[in-house]
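Undergrad: structure of the sequence below:
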Amino acid sequence: MRDDSHGSTMVLVLGGVWLAGATAAAAFGYTQSLRPPAPQAIVGALTLLSLVSVAVLPPVRRWARGVDLRVLVALHLTRLLAGAYFLVLYRRGELPYAFAVPGGVGDMLVALLALGLLVGVTPDTPGGRRLYSAWNLVGLVDILFVVVTATRVGIADPAALQPLLELPLSLLPTWLVPLIIASHALIVWRLARTAGRAAR
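TA: The predicted model follows:
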């Protein structure tokens, strides 16, 4: 129990420090001048750093191995708010349709499906694991689609996605999206481990 508590505390502290750093970077103007593919490179680097921390920090690895899978899925409920905000900014004329509407609707759908899983499905049965795996694939495809679309739209018209480089949306590429992608990878790992144990 002490190890689990230590791991949870470390994850919360690291996540809080990361969030504070991402907020400060935007507040001091370091994100506003970024142009594609720099934001996408930051997403990739921070995602990799998140997964490396699981591999090299024993408390974080123990936490990732033992935390309830539904905690990882619950993180994706944040996509409901992000997706809805994309649609609001589109209606205001602050984000282009090509990015905001498909990305916003997709994120909201993934979040609502996550809510359905959390409320009605346990990942402890073969059928439950299949549903969680299917949702995880849909969610991963959606977030990668958002990143690719942001790259395409941003290269064509860098000013079109300027709100993503300013608070609060700057926290997406510098904090939340890397966590989302990393959590998808961890869910794959956890489901594979569980399936392997069940097969034995």
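
Undergrad: got a pLDDT number for the spatially most central residue of the chain?
TA: Within the chain, one residue has its C-alpha closest to the average C-alpha position: by C-alpha atoms, centre = their mean, that is Ile180, at 1.4 Å. Taken from the predicted model, the pLDDT recorded for Ile180 is 98.

Undergrad: need the nearest residue in space to it, chain neighbours excluded.
TA: Nearest residue to Ile180, sequence neighbours excluded (C-beta to C-beta, 6 or more residues apart in numbering): Ile143, at 5.5 Å. (Glycine included, C-beta is placed from N, CA and C.)

Undergrad: tell me which element that neighbour falls in.
TA: Assigned by DSSP states H and E, Ile143 belongs to helix 126-156.

Undergrad: only the buried residues of that helix, if you could.
TA: Using 16 or more other C-beta atoms under 10 Å as the burial criterion, the residues of helix 126-156 that qualify are 128-129, 131-133, 135-136, 139-140, 142-143, 146-147, 149-151, 153-154.

Undergrad: again with stretch 84-91
TA: Per 16+ other C-beta under 10 Å, stretch 84-91 contains these buried residues: 85-87, 89-90.

Undergrad: return the subset of those lying in helices.
TA: Secondary structure from DSSP state H places 85-87, 89-90 of the buried residues of stretch 84-91 in helices.

Undergrad: out of those residues, which is nearest to Gln162?
TA: Leu89 (10.8 Å; C-beta to C-beta).

Undergrad: so where's this structure shaky on pLDDT?
TA: Residues of the chain that meet the criterion pLDDT under 70 lie in 1-4, 197-200.

Undergrad: ok, 80 please
TA: 1-6, 195-200 (pLDDT under 80).

Undergrad: helices or strands up against the host helix or strand of Val71?
TA: Taking DSSP H and E as the criterion, the element that holds Val71 is helix 69-74. In terms of contact count using 3 or more C-beta pairs under 8 Å, 6 or more residues apart in numbering; DSSP states H and E, helix 69-74 is assigned the packing partners helix 97-120, helix 126-156, helix 177-199.
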